[in-house]
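K.L.:
Here's my sequence, what's the structure:
(one chain, ligands or ions: 3)
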Amino acid sequence: MAKQTIEDLKDVQGKKVLMRVDFNVPIKGGVIGDDNRIAAALPTIQYLNEKGGKLILLSHLGRIKSDADKKELTLAPVAKRLGELLNKDVKFVASNEGSELETAINAMVDGDILVMENTRFQDIDNDFGKRESKNDPKLGEYWASLGDMFVNDAFGTAHRAHASNVGIAEAMKANNKPAVAGYLLEKEIKFLGEAVDTPKRPFVAILGGAKVSDKIGVIEHLLAKADKVIVGGGMTYTFYAAKGLSIGNSLVEADKVELAKELIEKAGDKLVLPVDNIVADKFANDAKTETVEGNIPDGYMALDIGPKAIADFKDVLKDAKTVVWNGPMGVFEMEKFANGTLAIGEFLGNLSGATTIVGGGDSTAAVKKLGVGDKLTHISTGGGASLEYLEGKTLPGIAAISDK
Ligand SMILES: Nc1ncnc2c1ncn2[C@@H]1O[C@H](COP(=O)(O)OP(=O)(O)O)[C@@H](O)[C@H]1O
Ligand SMILES: O=C(OP(=O)(O)O)[C@H](O)COP(=O)(O)O
Ligand SMILES: [Mg+2]
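P.N.:
Ligands and ions are numbered 1, 2, ... in the order given. Got it, this is the predicted structure:
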């Protein structure tokens, strides 16, 4: 990698090391659904810890739009889980700016690990607006001032230019302090680069999930790279709307319907959409459900792909030699709507001679929960980040790291 890594750091002993991780794990009522992203950061954390650094960890968790989100999206349970995985005391500070945090940092001794509160708490309650997500330079400078060096290991966030990854790195470099990559970031780039720069063909991309407006734009680039692009999950119904099908109460991004129309025209038979869906009368596991082809009836929402879609997708995938998958095929968190994701995961797990890559916080949680994670070639911590890397985009989080 043309960027500096933690192995380029000298004299970590006794130094305050700021480290950006992506601990954006699925969480509900304080219960972590899947800790893959925490576990994936352990090699870098352990390396810096063994070198005697004072490790100060920053991460976002979810998206903070109002005060009410703060209760659900505190990093406290994540810090606790990190302590369990490390079998070591991890201190959590319930703020990320000001005297409480600074006092805690000043009290650290060599080898201590501290997690500060969710960086996106800075997205509300201030004059700047979204200080973290809009990269208020003052916030990056402030965080940078708390440490002697910066390590970015948050591959899952590398497609964002936020204060806690890009802002800190820029401020560090401006002060002639190191901003380097961690092992996870290095590993992800190496693997994805090798697998997708010159992919074995046929190369099939599968796109699902819920971040429609974020990820629909990637499809245009995937159409140029991949032999087939399968669309499923919550991504589907914006395309249904573009085709003039009714979608009931299904997830849709109204201002992306025009783009979906263009993509359908451009793609021809490269783009594969589900022909049937499992529809529900409410967003709940005890909903009344039906399998329907085409139009989604009024009062229903599509929460999984149907059996014909699964068969079609398998038919496209059976000869594939490279598969990149981001985004679940349905609301797999509820058992009733996990079938599509499970079927595709199992099929990929048994696809011989193919490189199968699944990326994304929720997709990873899905394949692990459904027991097929071990059978895939590579599980990436990045969903949106992997997709943008695949597109050939420069990821801002990586660009900001010091060059070799
Ligand atoms: N039909 C659907 N309707 C609503 N949400 C869906 C649907 N299919 C999948 N999802 C949701 O998509 C979410 C994951 O989306 P996303 O964050 O884009 O994926 P990843 O984290 O793997 O990159 C899951 O929480 C899942 O419940
Ligand atoms: O979970 C993430 O992305 P993913 O859902 O595409 O895997 C990253 O932590 C980025 O989060 P964001 O999309 O709220 O900026
Ligand atoms: Mg996600």
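K.L.:
residues in contact with the closest residue to ligand 1 within the stretch 201-350 of the chain?
P.N.:
With CB to the nearest ligand atom as the measure, Gly209 is the residue of the stretch 201-350 of the chain nearest to ligand 1, at 2.7 Å. No exception for glycine: its C-beta is placed from N, CA and C like everyone else's. Contact analysis of Gly209 by CB atoms under 8 Å, 6 or more residues apart in numbering lists 215, 233-235, 326-328, 360, 362-363, 383.
K.L.:
Now it. Nearest residue, chain neighbours left out?
P.N.:
The spatially closest residue to Gly209, leaving aside those adjacent along the chain, is Gly327, at 2.6 Å (CB to CB, 6 or more residues apart in numbering).
K.L.:
Met334 now?
P.N.:
With CB to CB, 6+ apart, the residue lying closest to Met334 is Asn285, at 4.3 Å.
K.L.:
Tell me the residues on the stretch 301-404 of the chain that lie near ligand 2, please.
P.N.:
360-362, 383-384 (CB under 6 Å from any ligand atom).
K.L.:
can you list the residues you listed in CSV and add distance to ligand 3 and secondary structure?
P.N.:
As requested, those are arranged in CSV below (distance: CB to the ion, whole Å; DSSP: H, G, I helix; E, B strand; the rest coil):
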residue, distance to ligand 3, secondary structure
Gly360, 5, coil
Gly361, 4, helix
Asp362, 4, helix
Gly383, 5, coil
Gly384, 8, helix
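K.L.:
Now for the residue nearest to Gly373 when sequence neighbours are not counted: which residues touch it?
P.N.:
Across the structure, with CB to CB, 6+ apart as the measure, the residue nearest Gly373 apart from its sequence neighbours is Val367 (4.4 Å). When contacts are counted by CB under 8 Å, 6+ apart, Val367 is found next to 341, 345, 358, 373, 376, 379.
K.L.:
from these, which ones fall inside helices?
P.N.:
With helices taken from DSSP state H, the overlap with the contacts of Val367 comprises 341, 345.
K.L.:
pLDDT check: weakest of the contacts of Val367?
P.N.:
Among the contacts of Val367, Gly373 carries the weakest pLDDT, at 91.
K.L.:
quick one: buried residues of stretch 380-396?
P.N.:
380-391, 395-396 (16 or more other CB atoms under 10 Å).
K.L.:
these two touch, right, the residue nearest to Gly209 and Thr364?
P.N.:
No - Gly327 sits out of contact with Thr364 when judged by CB atoms under 8 Å, with a separation of 11.2 Å.
K.L.:
show me where the stretch 1-150 of the chain has strands.
P.N.:
Assigned by DSSP state E, counting those that start in this stretch, the stretch 1-150 of the chain shows strands spanning 16-20, 27-28, 31-32, 54-58, 91-93, 113-116, 149-152.
K.L.:
do the same with the stretch 201-350 of the chain
P.N.:
When secondary structure is read from DSSP E, counting those that start in this stretch, the stretch 201-350 of the chain shows strands at 203-207, 228-231, 271-272, 276-280, 289-293, 301-305, 322-326.
K.L.:
The second one and ligand 1, any residue contact?
P.N.:
No - contact check for strand 228-231 against ligand 1, using CB under 6 Å from any ligand atom: none in range, with a minimum separation of 11.1 Å.
K.L.:
Mind checking which of the buried residues of stretch 380-396 are in helices?
P.N.:
Those of those mapping onto helices are 384-390, 396, per DSSP H.
K.L.:
Mind picking the one among those that's closest to ligand 2?
P.N.:
Within those, distances to ligand 2 taken as CB to the nearest ligand atom reach their minimum at Gly384, with 3.6 Å.
K.L.:
Now for Gly29, how many residues are close by?
P.N.:
Gly29 sits with 7 neighbouring residues when counted by other CB atoms under 10 Å.
K.L.:
before we move on, what about Phe92?
P.N.:
20.
K.L.:
Stretch 181-201: which residues count as buried?
P.N.:
Neighbour-count burial for stretch 181-201, counted by 16+ other CB under 10 Å, picks out 181-189, 191-192, 195-196, 199.
K.L.:
Show me the domain layout of the protein.
P.N.:
Taking automatic domain parsing as the domain assignment, the ranges for the chain are 6-185, 192-390.
K.L.:
looking at these, which is closest to Asp403?
P.N.:
Comparison of the domains of the chain against Asp403 by CB to CB identifies domain 6-185 as nearest, at 9.6 Å.
K.L.:
now do the same end-to-end measure for the closest one.
P.N.:
Using CA to CA, to the nearest Å, one end of domain 6-185 lies 11 Å from the other.
K.L.:
And the residue of this protein closest to ligand 2?
P.N.:
Closest approach of the chain to ligand 2 (CB to the nearest ligand atom) occurs at Gly383, with a separation of 2.5 Å.
K.L.:
surely that residue meets Gly359?
P.N.:
Yes - in this structure, Gly383 is within contact of Gly359 by CB under 8 Å, at 5.2 Å.
K.L.:
Now list whatever residues contact both of those two.
P.N.:
Between them, Gly383 and Gly359 share these contacting residues under CB under 8 Å, 6+ apart: Asn326.
K.L.:
now this protein, which segments are flagged as low pLDDT?
P.N.:
Low-confidence regions of the chain, defined here as pLDDT under 70, cover residues 1.
K.L.:
separation between the residue of the chain positioned farthest from its centre and ligand 3?
P.N.:
For the chain, the C-alpha lying farthest from the average C-alpha position belongs to Ala107; by CA atoms, centre = their mean, that distance is 33.0 Å. In this structure, Ala107 and ligand 3 are 35 Å apart, going by CB to the ion, to the nearest Å.
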